[in-house]
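Visitor: Give me coordinates for this.
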Amino acid sequence: MSERTLSPQDLAELDTFIDHLWLEDGLSKNTLESYRLDLTSFAYWLTPQNKQLLTVDQADIQQYLAVKFPQSQPRSISRLIASMRRFYRYLMRDNKISLDPTIQIQSPKLPRSLPKSLNEEEVIALLNAPNIVEAAGLRDRAMLELLYACGLRVSELVGVKVTEVSVSDGVVRITGKGSKTRLVPMGEEAVDWISRYLSDARSAILQKRLCDALFVTNRGEAMTRQAFWYLIKRYALLAGINKHMSPHVLRHAFATHLLNHGADLRVVQMLLGHSDISTTQIYTHVARERLKQLHHKHHPRG
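Guide: Presented below is the predicted three-dimensional model:
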């Protein structure tokens, strides 16, 4: 498949639409590429039928989905429909089409998957796993503490700059999805470990090299997402945690433990940087399952 096989009009409409998404929503490069791939695939499929993106009707979309369903997961189909719906609503708004062909297209119902998480004892074991006698170990402990204390995405964690951390105020400035920023409180433990890392380890790792990232490697560069994925998996093994492990698991633990201890859902939403409360509501199910387990274990009639 190649965009060179598409009509100049389809290519122009796709470029304009992607530019619109970037300007209006500030979406990430990966998200924009997903939109482009979904719509380019559809446009390519239309070509042998002498149709273009602006001339399709509901039947064309239904026929295309019928082709895609057997070879795709429900989540991929749902994303494809969402891409089409967004594209055709944009065309409607710009008066380039008179009828939205996706208006009666239904997305497949997706099973609600509960986020994998750690209990509080497992989190403590993970946090204690790095060897803090070594500079790299002290850095890793500070990273794990900040990740759990603030519920950060791994891209947010490795993207933090030294100038975005205020130890005195106990907050960190985070740039999240869509380049949106938020101030997140770190808590006393994370502040203490960040302070120790800054005073005792960071300069030793850099060895007079310059880098504006908070967390740095022995090469004098910012820690990468891939490198931290490797580190957290290694520390999980050292801690004896026999679960699928990723940086996102600590983000889930952050949200679940806050709710278990009575935090308001809206507060958790702001701390996580979710633009929609519905995204955060998944954690209420996790917390509810935990409460059921506690009731069953401790109540005389559980």
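Visitor: CA atoms for contacts and neighbours, from now on please.
Guide: Will do.
Visitor: roughly how far apart are Asp24 and Met92?
Guide: Not quite, residue 24 is Glu, not Asp. 16 Å (CA to CA, to the nearest Å).
Visitor: More neighbours: those two, which one.
Guide: For Glu24 and Met92, the more surrounded residue by other CA atoms under 10 Å is Met92, and the numbers stand at 14 against 10.
Visitor: you'd agree that one is up against Pro101?
Guide: No: taking contacts as CA atoms under 8 Å, Met92 lies outside contact range of Pro101: 10.1 Å.
Visitor: my guess is Leu183 is in a strand, correct?
Guide: Yes: assignment of Leu183 by DSSP: H, G, I helix; E, B strand; the rest coil places it within a strand.
Visitor: Tell me who's in contact with it.
Guide: By CA atoms under 8 Å, 6 or more residues apart in numbering, the contact set of Leu183 is Val171, Val172, Arg173, Ile174.
Visitor: before we move on, what SS does Leu27 have?
Guide: Looking at Leu27 with three-state DSSP, the answer is coil.
Visitor: Numbering from 27 from now on, please.
Guide: Got it, first residue is 27 now, which makes that one Leu53.
Visitor: Isn't it up against Lys206?
Guide: No: with contact defined as CA under 8 Å, Leu53 does not reach Lys206; the gap is 10.3 Å.
Visitor: Looking at the two, which is more packed in?
Guide: Leu53 (16 against 11).
Visitor: and that one, what pLDDT?
Guide: pLDDT, Leu53: 74.
Visitor: quick one, what contacts it?
Guide: Counted by CA under 8 Å, 6+ apart, Leu53 has contacts Leu47, Lys203, Gly204.
Visitor: Which of the contacts of Leu209 lies at the shortest distance from Ala230?
Guide: Closest to Ala230 out of the contacts of Leu209 is Val198 (22.8 Å), distances taken as CA to CA.
Visitor: So the closest one belongs to a strand, correct?
Guide: Yes: applying three-state DSSP, one finds Val198 inside a strand.
Visitor: How many residues are close by it?
Guide: Val198, neighbours per other CA under 10 Å, totals 22.
Visitor: what separates the residue nearest the centre of the chain from Val149, distance-wise?
Guide: By CA atoms, centre = their mean, the chain has its centre lying nearest to Arg179, at 6.0 Å. Arg179 is 17 Å from Val149, where distance means CA to CA.
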